[in-house]
Every structure is written in structure tokens, then in C-alpha cells.
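Visitor: return a 3D structure for these sequence lines:
(2 chains)
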Number of protein chains: 2
Amino acid sequence: MAVKSVRLFTDNSLNLLLGGQLKYIDIAYQTYGRLNAEKSNAVLICHALTGDAEPYIEPRQAGSEQKGWWQNFMGAGLALDTDHYFFICSNVLGGCKGSTGPSSINPSTNKPYGSQFPAITIQDIVKAEKALLDELQIPHLHAVIGGSFGGMQATQWAVDYPDRVARVVNLCSSLYFSAEAIGFNHVMRQAIVTDPNFNNGDYYADKAPEQGLAVARMLGMLTYRTDIQLNKAFGRAQKQSPEYFGDYFQVESYLSYQGKKFLDRFDANSYLHLTRALDLYDPAMNYNNDIKKALSRIKARYTLVAVANDQLFKTPDMHKSKQLLQETGVQLDYHEFYSDFGHDAFLVEYELFESMIRKGLL
Amino acid sequence: MAVKSVRLFTDNSLNLLLGGQLKYIDIAYQTYGRLNAEKSNAVLICHALTGDAEPYIEPRQAGSEQKGWWQNFMGAGLALDTDHYFFICSNVLGGCKGSTGPSSINPSTNKPYGSQFPAITIQDIVKAEKALLDELQIPHLHAVIGGSFGGMQATQWAVDYPDRVARVVNLCSSLYFSAEAIGFNHVMRQAIVTDPNFNNGDYYADKAPEQGLAVARMLGMLTYRTDIQLNKAFGRAQKQSPEYFGDYFQVESYLSYQGKKFLDRFDANSYLHLTRALDLYDPAMNYNNDIKKALSRIKARYTLVAVANDQLFKTPDMHKSKQLLQETGVQLDYHEFYSDFGHDAFLVEYELFESMIRKGLL
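Guide: Predicted coordinates:
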């Protein structure tokens, strides 16, 4: 089942939160399960930073190994139960997996946007998702669910469209990105923008800033896991033919492989734009920077799941988010537990998350 | 008081642990306090990854702001008490602060070593330090003290020369670098070696791989601190004139400044060699890879200080080191506490470390 695509904002432009506009926005999306007659079982899935519109990929044929990023979470009877819910997942605005982003053709120049792509916020991404649901004639969401970057979208949905969202399930994501996490994003961005192929973002006719993007991905991977998981998986094992300043230890070989593999599926400009959207995220940006005012708009029941040893969204920030939500009277269900997989747990540890997702969607 | 320098290995070469040899090795060093008549009060200070031979710099004149990396720890009556001890500190072999390293002139070619510089281990660094002490006619060390990379040197001193070291004080450093920490080093090294100016390490006649080295330093800084300290220092404060993919938040401006400042004082090849020495460090490398055999050689009283929220040397590794030392019968004094400064605490938090250093040196 190929990803579907719809062109939105053909009549009027999307006005972006930080200024600028976009017109003729393509949104790639996928659906799973069936929308019931009352249209009361729609669940929007919001993907994480480098995700796409396909949390699940239908096994087409024996031997096909392509899997969605939540493959093990979705199916008849599973936590993301396709017998009960109608799931919609779209690639984010600014991404590179079918939706309009910096690598898309700018209709006014017939060239890729590149450096001309405007600054994108979580709020803009949510507006585009809202436009998709309008187009699909889905007036109300049983729930919005997402992890990390997707959890921020879920939060903003409940803030901006309180009457359209009954439940939020936010996994491994706080209301703000921390100074340290911004710091990691900064290092990753600097690796990209100082790559000599970057050319201010206009690299589509030439070589892409691949070295920078690979370095960024390797660093990202380290923030997604934990020392414990890497120790169990690799320890201090060395490669058979170690390269002294290259891949010497197995863990280096793993990271290099992840960095290289990423180049086939991600665009450096999208990485820059989406990481900056992460940094900038603030639910109150459109509400006079008054977080209480923003959060008090939420009518949805809110499930927040923290992994105690998440190295990207650390517990001080998760606890602060929990407190803010409680103080503004949001009906909150908070869970916290350890996982060797740290931040990546929400993509890997089905058993740990199953009951919380089920309960959050109930 | 300028740094002193001595040329060692003028008659015979230093045979390196991983193969290769070095001859005519310059070692830059500094001393503080006075060696007593019995030569019983000598303390060797081993510096961390990017340190140098000057933990303390004499205030020469009003207005001079140059300080040593342990400036606040050293002086009459302080933990590093110059009234009682005679301190020696040398720049490590492979470094770039006066001792022979990749940027030094190779006497056999009259050009900088660059790519020809051999692989250096902690064991080799300790051998060069031992040769310095022989040259200074210091037969016995009251103590060896160091943090991080310096703590590894202190450990190896007690393993390789058990009769010459009475005390080890190891701050924020375990017996092995973890898979995760190797991963961070890998990302930093990849940023350097993929910099187009790197030229396989032979860049001294041309531009240095500055972008890569700056990215490496920024990442290093993040592993040296904690989310709590960065949150307190910067939070989510933005710059006055934010650059969208550059320095937008204050924490980014801080990191960029640290990255740039580092270029004035450090050589990329030294960074590569010393980070790899960190990764490879294993006290048992020269003892049939038998860690118990290596550690059982230690006769020194051993003080190990762990910062519980150190993000580079994490508690699972510190606890494993503690256990290994105890199991081999080393007389161990172990301390563990929290500091917002994480790994950098041993350079910053004099009050927290004072009593432990005093006790360790007693």
C-alpha cells in the first residue's frame, strides 16, 4: 500500500508562526483500520524527528524486510489496535518523506526550496496536519499519539484545537527541549552547516553535505540510547580489522553504519529545520508566552510517559512538564520507568509501553 | 615562570606498546613547592585530555588573567599544598603543549610528524613521565594524582611501577572507557577526519581541520557538564541577534565560543591520538589482558572519587572499577557524590574535592 498524498493550501497560503508563508503543500500520509460511521475512532499518529508517514508497512511478499517505525506496536489486537481505531499518520511539514520540505520543488521557482525554505515550528506542522484532517473530513480525534518530536505535536494539537482532541498520548517528550538537548542539536547542525558541500542549503544540484549529516546522525544515535544498552550490545569489543582513527571498536562500526545508512533516507536541510523546530518548541508561543494560559486550553485527557534514563528528555524536564500540566488542571496520567534503550524505548520496548498506550487510548 | 623542557630518549628509543618507536622526546613540565632532603614529598600531577604542564600559573602582574587548570586547588595550605609537597606536572607524550606530539618536528625528516606519528597509549605516556622523573632524580612518588585521562595515568603508574608510588588519587575516571564514551570520541574523531582540511593528518603546511576540531570540542563540552548545570547557566535564553541555523540560543553561543577558543590552543592530531588512548586504555594491556594480575601489582593506597552524575564516566563503570580494585585487595578509599558540573567537577568544585584530595595525599 503506497503512501497517499494530498496537495493542500492551493487556494490560500499557510501563514507560518515565525513569518513567511507556504502554498501548495503536499502532505504524504497513510491510514490503517477503518473509520467508523460516527467518525469517532480516528487516532492521529505523529512521528518523531526522522520518522515518516508509515508506522506500519504491510508485508507485501515473503522476503520483504521493510518495516514501519512502529511495526510491532500496530495491528489487530495490539496497543495500536487496527480493529478498533482508524489511524492516520502523515509526514511532517518540513520533512523529506513525501511532504513539502526544503528538498521539494518550490512552485514559484521550479527549483528545490533549499535555502529559501521558511522556518517551521511544531505549530505549523500541526496546522498542516489539521488541514489534512479537514481534507479527509475527520472533524474530531479520539486521540493524538506521538513520541519525542511527535509528542510535542500531540501536545500542540490539544492546545490549539481543544475541541477536536479527546486524548493525548505523549511518549518520552517534555513541553520544552532542555539547554543540553539544544546543545546537542547545535553540534549536529554545526557539523552540517560547516560541511563544505552545504552551500547555504542550496546543494541539490551538487553533492549533499553527507559527512556533516552522518556525523549528526551518529551523535543523535548516542543521545537516543544509553550507556547500559551500548555496553550490553558492544562493550569494548574491537573490530576484526580495526582502523586506528576510523572504526576500531564495534560500537564505532555500529555508529558509522547508522550514519551512512541515514544518508539514503534523510535530507540535511530537513534535519536542520526539524531540529530547530524541536529547540524552539514552546506550547505558549502563540499565547503571549503564557504557558498556563496555553495549557489551560487543553480539554483532552493527557497521558505522559517518561523513561527515567532517557538521555535526551531527562527527568528534571519531564517532572517540570508533569507539574505544569497538573497545575493547570489537565487530567494527567503520568508514568515513569527505566529502560536500557533510553529515549528510543518508545520505538523498541513494546512490552513496556503496551499497557500505557492502551490505557491512554481507552 | 616559564614551562621547563627536557629532551629524553636521546640514546635509546622509547618502544611503544602498540608498536613503533620514538626518539628525542621533549617533555614540557612544571614544578611547584620544594623537594625535601629525603625526596619523600614528590607528587606527580597528571593532566586531563586537553590539559598542560601548568595546573597553576603564578600571577605575574596585576591584570594578568592567565590561570592554570587547577589554579584554585593549589597553593600554600590548599589541598595541593605547596608548603608540604613538591609537585611535578608534565605535558603528556602525544600532546601539543610543549611535549613531543604529532605537531612536533620529526627529527628524521625535519617536518612535523603529522600522519607519521605513532599510536600512543596511556602506558607510553606513563613511561615518558617515568623517564622525566629519572632525569629529575626523583626515585619515589609520595603520590600520583589526576582526573579523567590523568586518573588513568595515575592508575597505570601504580600498576607498572608499584614500588615507586605510595598513593594514587584518581578523580572522575574508571579503569576502562565505556562503549558510549568511545562512541562520543568516535563522533568527535569523525568530525575531524572528514574535515576536508585534515589531509590524513598532514595539514601543518596548510589550513588545519578547524571546523572538525571545533565540532569535536563542542561535543566534548557537553559530555563534561550536565543538563542541570546548562539549564541553570543558560536555560532557554535566546541571543539578542539569533542566527537561525547558527547561534540562536545562549547555550549555542557558549558552545560555539568554546569550540572556537579551543582552536588557539589545541592540535587536531593530538586530539585524535589522545582520545584514542582514552578508548584503548586497559590497565592489563601489558599483563596478558589479565586485569586481576595487573591490579594486584598495585601497592599504593588508592583513592577513587566518582561524581554520581558524571556523564562521561558513569556510575556503572565507576562501580565496576571499585569492585575490581577491591577484589584484588587494593587498599581503596571510595567516594561518590553529586555535582551539577558532572565530569568537570574535579576542575571546578574545590570545596567538594578538597577533603578527599587532602585525605588521599595524607
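
Visitor: show me where chain A has helices.
Guide: A:122-135, A:149-160, A:179-193, A:210-224, A:227-233, A:250-263, A:268-280, A:291-295, A:315-327, A:345-348, A:350-361 (DSSP state H).

Visitor: could you check the third one against chain B for contacts?
Guide: Think helix A:179-193. Yes - for helix A:179-193 and chain B, the contact criterion (C-beta under 8 Å from any C-beta of the partner chain) is met by A:179-184, A:186-187, A:189-191, A:193. From N, CA and C alone the C-beta is placed, and that goes for glycine too.

Visitor: kindly reformat these as TSV containing neighbour count.
Guide: Formatted as TSV, the residues of helix A:179-193 next to chain B follow (neighbours: other C-beta atoms under 10 Å in any protein chain shown):
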residue	neighbour count
A:Ala179	26
A:Glu180	24
A:Ala181	24
A:Ile182	25
A:Gly183	25
A:Phe184	23
A:His186	29
A:Val187	27
A:Arg189	24
A:Gln190	26
A:Ala191	33
A:Val193	18
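
Visitor: can you list the low-confidence ranges for the stretch 51-200 of chain A?
Guide: Scanning the stretch 51-200 of chain A for pLDDT under 70 picks out A:61-64.

Visitor: got the residues of it near chain B?
Guide: Going by C-beta under 8 Å from any C-beta, the residues of the stretch 51-200 of chain A near chain B are A:119, A:176-184, A:186-187, A:189-191, A:193-194, A:196.

Visitor: please redo it, this time with the cut-off set to 10 Å
Guide: A:115, A:118-119, A:176-198, A:200 (C-beta under 10 Å from any C-beta of the partner chain).

Visitor: tell me the contacts of A:Asp52?
Guide: Going by C-beta atoms under 10 Å, 6 or more residues apart in numbering or on different chains, A:Asp52 touches A:3, A:28, A:30, A:68-69, A:89-92, A:95-99, A:265-266.

Visitor: could you rerun that using 6 Å?
Guide: By C-beta atoms under 6 Å, 6 or more residues apart in numbering or on different chains, the contact list for A:Asp52 reads A:91, A:97.

Visitor: tell me how far it lies from A:Trp70.
Guide: Note on A:Asp52: its distance to A:Trp70, by C-beta to C-beta, to the nearest Å, is 11 Å.

Visitor: and if you look at A:Asn199?
Guide: In terms of C-beta to C-beta, A:Asn199 sits 35 Å off from A:Trp70.

Visitor: neighbour-wise, which of those two wins?
Guide: Higher neighbour count among A:Asn199 and A:Trp70: A:Trp70, with 25 against 16, using other C-beta atoms under 10 Å in any protein chain shown.

Visitor: how near is the residue nearest the centre of chain A to A:Tyr113?
Guide: For chain A, A:Ala48 is the residue whose C-alpha lies nearest the centre (C-alpha atoms, centre = their mean; 1.7 Å). Distance of A:Ala48 to A:Tyr113, computed by C-beta to C-beta: 23 Å.

Visitor: number of residues surrounding A:Ser108?
Guide: So A:Ser108, with other C-beta under 10 Å, has 10 neighbours.

Visitor: ugh, wrong one, I meant A:Tyr32
Guide: The burial count for A:Tyr32: 22, using other C-beta under 10 Å.

Visitor: quick one, what contacts the nearest residue to it once chain neighbours are set aside?
Guide: Closest residue to A:Tyr32 apart from its sequence neighbours, by C-beta to C-beta, 6 or more residues apart in numbering or on different chains: A:Phe87 at 4.2 Å. Going by C-beta under 6 Å, 6+ apart, A:Phe87 touches A:32-33, A:43, A:45.

Visitor: now, among those, which is nearest to chain B?
Guide: Nearest to chain B, judged by C-beta to the nearest C-beta, of the contacts of A:Phe87 is A:Ile45 at 27.8 Å.

Visitor: what's opposite the closest residue to the closest one other than its chain neighbours in the beta bridge?
Guide: Leaving aside its chain neighbours, A:Ile45 sits nearest to A:Cys89 (4.0 Å; criterion: C-beta to C-beta, 6+ apart). Counting by DSSP bridges, A:Cys89 forms beta bridges with A:Gln30, A:Ile45.

Visitor: you'd agree A:Cys89 is up against A:Cys46?
Guide: No - with contact defined as C-beta atoms under 6 Å, A:Cys89 does not count as touching A:Cys46 (7.6 Å).

Visitor: ok, back up a step: distance of the residue nearest to the centre of chain A relative to A:His343?
Guide: Distance from A:Ala48 to A:His343, by C-beta to C-beta: 9 Å.

Visitor: so how far is chain B from A:Ala233?
Guide: Here the criterion is C-beta to the nearest C-beta, to the nearest Å. By it, A:Ala233 lies 7 Å from chain B.

Visitor: who in the stretch 251-362 of chain A is up against chain B?
Guide: Residues of the stretch 251-362 of chain A lying near chain B by C-beta under 6 Å from any C-beta of the partner chain: A:251-252, A:255, A:272, A:314.

Visitor: would you point out the most distant pair within those?
Guide: A:Val251 and A:Leu272 (26.5 Å; C-beta to C-beta).

Visitor: ok so, going back, most tightly surrounded among the helices of chain A?
Guide: Highest mean neighbour count of these: helix A:149-160, a mean of 27 (counted as mean count of other C-beta atoms under 10 Å in any protein chain shown).

Visitor: run the angle between that helix and helix A:315-327 for me.
Guide: 20 degrees (axes from the mean of the first three to the mean of the last three C-alpha atoms, to 10 degrees).

Visitor: helices or strands up against helix A:149-160?
Guide: Using 3 or more C-beta pairs under 6 Å, 6 or more residues apart in numbering or on different chains; DSSP states H and E, the elements in contact with helix A:149-160 are strand A:42-46, helix A:122-135, strand A:143-147, strand A:167-171.
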